[in-house]
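J.: here is my input; please provide its structure:
(one chain, ligands or ions: 1)
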Amino acid sequence: MTSDLDQRLKAYEGREVGPKDVGVDPVNIPMIRHWVEAMGDTNPVYLDEDAAQASVHDGIVAPPVMLQAWVMRGIKPRPATGGALTDELYRLLDAEGFSSVVATNCEQEYHREVRPGDHLATIATIESVSEEKQTALGAGRFVTTRIRYVDQNDEPVADMLFRILKFRPPAKEAQKAPRPRPALTQDNAFFFEGAKAGKLLIQRCAACGKLRHPPRPVCPHCRSLDWDTVEASGRGTVYSFVVNHYPQVPAFDYPLPVGLVELEEGTRLVSDIVGIEPADIKVGMPVEVEFERFDDELTLPVFRPVG
Ligand code: ZN
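T.: Numbering: from 1, shown residues only. Model (predicted):
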């Protein structure tokens, strides 16, 4: 059964989208030169007059895939003459919820070589608007536009089929993005396992007894590879801090205060500072650990001002 919307969309098929859109400049050597240099295309028929004369082309031709360059708008905007009807069609699809867009394919067919001095223009026609399709991106409708490239005598030089998908954007996930996982190693796993168990553990050299953080395999004092851990009291002071505003990563709330906390035991660690307005955080302020469970896998120590 055809819906009212299907009928309204079908009415666009076969219609020209607006007046002919004429390229700013005729096909010319300097633009060909820029293009082939950028692409690294060394075919001599594009720039070398003698080689081009000796070829099947009997003279210089423009690279076929430069087609769109000859009618492209420059950096300085000029009024569009061609797109009025497609704009109207896209607005209709937007209003029906198909507000996201992705280009899906582009096919070019060349009828003859384009040569310096040709002056190209395009005439665009809406070829088809599909019924609603289920795609990996969501439900949507394919809009196919045929763009005919003509020369100064209105003779066709190429055709381009350009297809886009206008689709319904997926509903935003209500659930918050998960906090990034730590990169676990043999050396640091104890710290995160400890946090899960509600313990703030510090790595200790088994040979000289010195504490170190962040965890690493070798004692910087005596070079011993042997270590164990001790449980910290969880009390410390703010040694330094920053308040992050940008860039904003989805899993976090901003402004995001991050402290370098000096523990009573002497080691320092980087951690969220919670329970205080960022503007009220002071260097030297006493803080105490608590454990914040973000999900089944991840619990991290955070620090809250004392008193
Ligand atoms: Zn040591």
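
J.: now do residue 85, the pLDDT please.
T.: Looking at residue 85, its pLDDT reads 83.

J.: that one against residue 13, yeah?
T.: No - counting by C-beta atoms under 8 Å, residue 85 sits too far from residue 13 to count as a contact (11.2 Å). No exception for glycine: its C-beta is placed from N, CA and C like everyone else's.

J.: which residues do those two both contact?
T.: Shared contacts of residue 85 and residue 13, defined by C-beta atoms under 8 Å, 6 or more residues apart in numbering, are found at residue 126.

J.: any chance you could map the helices in the chain?
T.: Assigned by DSSP state H, the chain shows helices spanning 4-10, 29-39, 49-54, 84-95, 189-196.

J.: please convert these to a markdown table, extending it with distance to residue 209 and mean neighbour count.
T.: Putting the helices of the chain into a markdown table (distance: least, C-beta to C-beta, whole Å; neighbours: other C-beta atoms under 10 Å) gives the following:
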| stretch | distance to residue 209 | mean neighbour count |
| --- | --- | --- |
| helix 4-10 | 76 | 14 |
| helix 29-39 | 64 | 13 |
| helix 49-54 | 80 | 13 |
| helix 84-95 | 68 | 15 |
| helix 189-196 | 17 | 17 |
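
J.: export those to CSV and tack on distance to the ion?
T.: Output for these, formatted as CSV (distance: least, C-beta to the ion, whole Å):
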stretch, distance to the ion
helix 4-10, 74
helix 29-39, 59
helix 49-54, 74
helix 84-95, 66
helix 189-196, 17
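
J.: reformat those as CSV; add distance to residue 261.
T.: Listed next are the helices of the chain as CSV, based on distance: least, C-beta to C-beta, whole Å:
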stretch, distance to residue 261
helix 4-10, 59
helix 29-39, 53
helix 49-54, 72
helix 84-95, 50
helix 189-196, 14
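
J.: please identify which of those is closest to residue 247.
T.: Ranking the helices of the chain by proximity to residue 247 (C-beta to C-beta) places helix 189-196 first, at 24.9 Å.

J.: residue ranges in the stretch 51-200 of the chain under the pLDDT threshold?
T.: 76-83, 172-175 (pLDDT under 70).
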